[in-house]
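**Q** I would like the atomic coordinates for the input below:
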Amino acid sequence: MWYYLFKVVVTSIIIVIISEISKRSSLIGSILASIPLISFLAFIWLYIETKDVSKIAELSTGIFWLVIPSLSFFILFPYLLKKNLSFYLSMTIAAIVMIISYFLMIYVLKKFGIKI
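**A** Residues are numbered from 1 along each chain as shown. Prediction:
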């Protein structure tokens, strides 16, 4: 139980720090947010808990392929905001497009025999 609480606290602190830094500098916040900190933490937690490097390799491969459709969010979201759509509507539309992109990517990968 304490270990899970520790994982939640560490992960939460990192997200809050990035959010606070972003208030002062969007460049530094963007750099920190673009680093795959959550992936790094997932690799570390998974290794500590399982010592199974094949699971970590599978996770890393899956993350690689799914980063590509996630980029649709970061392209569409600022575009919608610049078109003066509300923040929440822009985020909702961009998130829906991203989710659809995930399903499309998984479908395409299956057609090429790539399993994630």
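**Q** just how off-centre is the top helix by length along the chain within its chain?
**A** Longest helix in the chain by number of residues (criterion: DSSP state H): helix 53-82. Centroid separation between helix 53-82 and its chain, computed with Cα atoms, centre = their mean, to the nearest Å, is 6 Å.
**Q** and the helix or strand just after it, what's buried?
**A** Where DSSP states H and E defines the elements, the next helix or strand beyond helix 53-82 is helix 87-111. In terms of neighbour count (16 or more other Cβ atoms under 10 Å), helix 87-111 has its buried residues at 90-91, 94, 97-98, 101-102, 105-106, 109. Placement of C-beta: from N, CA and C, glycine included.
**Q** just the closest of the residues you listed to residue 18, please.
**A** When these are compared for distance to residue 18 (Cβ to Cβ), residue 91 wins out at 17.5 Å.
**Q** from residue 108, how far off is the closest residue to residue 106 other than its chain neighbours?
**A** Nearest non-adjacent residue to residue 106, counting by Cβ to Cβ, 6 or more residues apart in numbering: residue 116, 7.1 Å away. According to Cβ to Cβ, to the nearest Å, residue 116 stands 11 Å off from residue 108.
**Q** where does the chain have its least confident helix or strand?
**A** helix 26-34 (a mean of 84; mean pLDDT, DSSP states H and E).
**Q** give the other helices and strands that it contacts.
**A** helix 2-24 (3 or more Cβ pairs under 8 Å, 6 or more residues apart in numbering; DSSP states H and E).
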